[in-house]
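Chemist: Fold the stuff below for me.
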Amino acid sequence: MTVDDLVRTAGPAAAGPVRRLAAPLGVAVLALGATSVLAAVDPNVPGHYPTCPFLFLTGLYCPGCGSLRAIHALAHLDVVTAIERNPFTVLAVPLLAVAWVRWTRRRLTGRRPRTMLPAWAIWTLLAGVCAFWVLRNVPGFEWLAP
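Modeler: This next block holds a predicted model:
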């Protein structure tokens with residue numbers, strides 16, 4: 001029996017801590033790298049990043065429009081500007097951080113992964129994204145536009 005067979009049959013608890021944390025650490029490195037690029041290369045300056053394809057084709061804002069500028073503002077600790085660019089992104093960042101911590105803790109302790117959110121929470125999140133998408137394109141809700 002090889003080490004890989006043992007890990008496959010025994011689960012993450014049988015693997016060493018470095019191997020168990022490889023995926024969460026990889027995600028953290030990618031997230032920090034992307035945030036560093038966004039902090040250094042200002043998305044407010046035209047030509048640095050491609051335009052949103054949905055905005056380009058329809059002239060309407062998608063739920064993600066303004067996210068690059070919001071993360072750029074957050075990287076510079078400018079929360080007010082980040083909220084002005086995309087409030088949904090500002091709400092998502094701490095939730096993603098909590099999910100990452102929970103995932104990392106599970107991987108470190110070797111507990112089996114389980115569903116992070118119940119179905120009702122996922123449907124509520126989807127409804128929230130759809131409502132945000134519609135409202136930011138409705139007259140009177142211009143404050144939601146990036």
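
Chemist: rest of the way, CA atoms for contacts and neighbours
Modeler: Noted.

Chemist: Which strands or helices does the longest helix along the chain pack on?
Modeler: The residue-count maximum for a helix in the chain (DSSP state H) belongs to helix 87-109. Helices and strands touching helix 87-109, by 3 or more CA pairs under 8 Å, 6 or more residues apart in numbering; DSSP states H and E, are helix 17-20, helix 22-40, helix 67-75, helix 79-85.

Chemist: For the helix or strand that the second one is followed by, which outside residues touch it?
Modeler: Following the chain from helix 22-40 toward its C-terminal end, the next helix or strand by DSSP states H and E is helix 53-58. Residues lying outside helix 53-58 but in contact with it, judged by CA atoms under 8 Å, 6 or more residues apart in numbering, are 60, 61, 62, 65.

Chemist: ok, now how distant is the residue lying closest to the second one once chain neighbours are set aside from residue 145?
Modeler: Same thing as residue 61. Among residues not flanking residue 61 along the chain, residue 55 sits closest, at 5.5 Å (CA to CA, 6 or more residues apart in numbering). Distance of residue 55 to residue 145, given as CA to CA, to the nearest Å: 12 Å.

Chemist: Neighbour count for these two, which is higher?
Modeler: More neighbours surround residue 145 than the other of residue 55 and residue 145, with 21 against 12 (other CA atoms under 10 Å).

Chemist: ok, the more buried one touching residue 134?
Modeler: No - counting by CA atoms under 8 Å, residue 145 stays clear of residue 134, with 10.6 Å between them.

Chemist: thinking again about what came up before, most neighbours per residue, which of the helices and strands packed on helix 87-109?
Modeler: Mean neighbour count (mean count of other CA atoms under 10 Å) peaks for helix 67-75 among these, with a mean of 23.
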